Structures are given as C-alpha cells and as structure tokens.
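Chemist: the sequence isn't on hand, but the structure is:
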C-alpha cells in the first residue's frame, strides 16, 4: 500500500486531502498540520482589525477531513527528499511514497533593519490576535498617556492584506473611539509603499476609486517611499520618520523556512515546479500553494500566490498523485483566474471578475463578491455545514 503525506492544512492542503480521499485509492493518506484548526488566511486582516473573531475564520481539521485520512497535529522540522522522510518536532519521522508539500507562508522583512522586532505581522491566527491586542491596548492607553502616537497606526506595504486591514480598521474606528474615549481627529492612519501606485493589479479607475474611498476615511498614502528602518515607535524612510506606537508589517510574504532549511533549490523559500507541479528529479513530490513558484506559460512570469490558485493547484496535484499510483501520465497545471477582489471594509471593495464575461465592480457589489468567494473556498475545503457555521 502506498503512503501519501500532505504537509499543511491551508487552502492547498485541505483541498488536496479532500480530492485524494474521494479518489478511492488503495493508499494510506496522512495530513500533517501544525494546528488542530484550519484558518482562512484571506480573512486574517479582519481578525487583526477586530471585526471578526477566531471562531469566524477557523474550523476544526479533524471534523471535516474524510474518515480515511489520518491527521497528525505536529510541526514539520525537516524534509529529507533523498530518504522520502518528513521529520516532526514532537513525533517520530514519517516516510512517504508521495508527498504533497503545501507548508504555507511566513512574513518577509527583506532584511530591513528592525522590521522583525518592531513590526506586527499578520500571517496566522496568533499574529493577527497579537496585532489586534496591541492596537486596542494603545488606544486604551491614550486616556492616561495622552501620547498621540498611541492613536497613530503605520501600515507598511500596500498589498492586499495592507489595504484590506486599513479598510476594516477605518470601519471600526468610530466604535473604538466611543469604547475607549479617544478623539477621532487625533487618529492617524499612514500607509507606506515603495511603489509609485496603490493596487496596480486593478485598472487605474478602480484602484483610484479604492484609494479615494480609504482617503475619505482617514488613510494617508505615501507612495514612492521605501522603508529603510523600523524602530519601536517609527517607520523610517531615509531621514523621514512616520511615528506610531502601532506598526503593522504587511510588505509581503515568503514560503515556509522549512523549504530553505531542507536544502531545496529555492528563492524566498519558493521552488519553481515543473508543469505538472512536481519537482525536477522528484516525480513523487508535488509542491503547491505558497511554497511553489509556478510560471505562467503565456508570459513566463510567476503566478501570485493566492487562495484561488492554491485550490486549483491542489486539484491538479491530487489528480497527478492518483495518476502516478495508477501508472498513468500526469497532466499539466492550467490556471484560469476567476478574477481579483479587494475589500475596503465590510461594506465596500473593488473587483475585476472573470465569470460570464468581464465585470468591474466597486462598492457594495464588490463586498458581496468577496463574501461569496470566501464562502466558496470553505465549501471546497470542507462542507456546507462548516460554511454556514462560519457566518
């Protein structure tokens, strides 16, 4: 009997497990995940801003995986590709015949001085909760400190997480001001971005609408502003200091450090995979999600790592494991994006949707599209009951 090991219970891992479990294979299927729960990483910004709770964006892995899957809650420490072995922090090593590696992402500091020590990242449940607690403590402290930096928030980077976090925070601010008794006119929300444009993945009109929407709610954008250092109370761009007692670090992500620690041929802990998502020289291992780098065959550029592409990769990787076990040829990964949606708080957003035509949405319609996409993801990973319970 063959043994299939899936590493990571994120979007890619949970979808791969679901597909493999329903393939009716004569094989042992094992899922290794660090936590007993799956979390919706596309909603971590809501947890960090305090508009949603942990129970809203998580579900118990063991309650949704099929019965023919063995679940191991443990942390991967090393992968030995030559020996086909995965080492765990608490349990013994696991050998495999096939490996679906989807270990997820970590915060990227790009080597900027002080970023790791002084920036609050939003990469998992624990970091998102820590960012929320820090923010609320600073707001509460203002009553006695009268330090305006307690009411200043600097968000580093202007990617999806940054923008969506700012949208949620701007929405919640009036309630926080009432709860903690601070003046709204003393609040400052700065977004620092090295690139010349905010939300360049959208067309100019949509991105301009999104920027204006947030600016009307107090966000100040600083483009063409590279970050050179982060101190406990300021973000530096050369000689300019943007002071704040809450610094959110969302400049980008990289793959799991386990990839680099295990001597994969990688860049930023992402491995360029073959067109069937396997690794050169290791047809028994498929890398998907944030640890994979997938070239777009149309232009040679790497696809961005998103939940949408992770789920699509999982379908192909699972099918290719089944094909390999059955002695059949594997298939190429083909990705057809359904669009891009960026929320600007619970009631607004911008979107380009590629379903039944090309749609450009803004405002509440884009917000509805965001909710629909989140619900669909849970349905693909778990089941209808879990989707409804996440409401």
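Modeler: Sure, I can see it. This one's a predicted model, so the numbers in the text were calculated from it and none came from an experiment. Numbering: from 1, shown residues only.
Chemist: in this protein, where is pLDDT below threshold?
Modeler: 382-391 (pLDDT under 70).
Chemist: so what's the residue count around the nearest residue to residue 36 once chain neighbours are set aside?
Modeler: Distance criterion Cβ to Cβ, 6 or more residues apart in numbering; nearest residue to residue 36, sequence neighbours excluded, is residue 73 at 5.1 Å. Every C-beta, even on glycine, is put in place using the N, C-alpha and C of the backbone. Here the number of neighbours of residue 73 (other Cβ atoms under 10 Å) works out to 17.
Chemist: what distance do you get for residue 73 to residue 9?
Modeler: 9 Å (Cβ to Cβ, to the nearest Å).
Chemist: ok, residue 295 next?
Modeler: Residue 295 is 26 Å from residue 9, by Cβ to Cβ.
Chemist: with neighbour numbers in mind, choose between the two.
Modeler: Taking neighbours as other Cβ under 10 Å, residue 295 and residue 9 compare with residue 9 leading, 27 against 14.
Chemist: wait, isn't the more buried one in contact with residue 36?
Modeler: No - using Cβ atoms under 8 Å, residue 9 makes no contact with residue 36, being 9.1 Å away.
Chemist: give me the common contacts of these two.
Modeler: residue 61 (Cβ atoms under 8 Å, 6 or more residues apart in numbering).
Chemist: could you say what helices and strands whatever helix or strand residue 242 lives in packs with?
Modeler: For residue 242, the host element (DSSP states H and E) is strand 240-243. Packing partners of strand 240-243 (3 or more Cβ pairs under 8 Å, 6 or more residues apart in numbering; DSSP states H and E): strand 152-156, strand 234-237.
Chemist: in its sheet, what does the first one sit against?
Modeler: Going back to what we said before, that points to strand 152-156. Partner strands and pairing direction for strand 152-156 (DSSP bridges) are strand 188-192 (parallel), strand 246-249 (parallel).
Chemist: deepest-packed of the helices and strands packed on strand 240-243, please.
Modeler: strand 152-156 (a mean of 25; mean count of other Cβ atoms under 10 Å).
Chemist: walk me through the domains of the protein.
Modeler: In terms of domains, the chain is parsed into 2-34+74-107+253-336, 115-249 (source: automatic domain parsing).
Chemist: how much space between the one residue sitting closest to the centre of the chain and residue 103?
Modeler: Among the residues of the chain, the one closest to the centroid is residue 41, at 4.4 Å (Cα atoms, centre = their mean). From residue 41 across to residue 103, the span is 13 Å (Cβ to Cβ).
Chemist: quick one on the thing from earlier: kindly reformat the helices and strands packed on strand 240-243 as JSON lines containing distance to residue 169.
Modeler: What follows is the helices and strands packed on strand 240-243, written out as JSON lines (distance: least, Cβ to Cβ, whole Å):
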{"stretch": "strand 152-156", "distance to residue 169": "7"}
{"stretch": "strand 234-237", "distance to residue 169": "16"}
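Chemist: before we move on, back to that, which one of the domains of the chain lies nearest to residue 51?
Modeler: For the domains of the chain, the distance to residue 51 is smallest for domain 115-249, at 4.8 Å, taking Cβ to Cβ.
Chemist: rewinding a little: wait, the residue nearest to the centre of the chain touches residue 10, no?
Modeler: Yes - with contact defined as Cβ under 8 Å, residue 41 reaches residue 10; the gap is 6.6 Å.
Chemist: need the overlap of contacts for the two.
Modeler: By Cβ under 8 Å, 6+ apart, the residues touching both residue 41 and residue 10 are residue 104.
Chemist: measure residue 250 to residue 158 for me?
Modeler: Residue 250 is 9 Å from residue 158, by Cβ to Cβ.
Chemist: helices along the stretch 1-150 of the chain, start to end?
Modeler: According to DSSP state H, counting those that start in this stretch, the stretch 1-150 of the chain carries its helices in the segments 11-21, 44-49, 54-57, 61-64, 115-118, 125-145.
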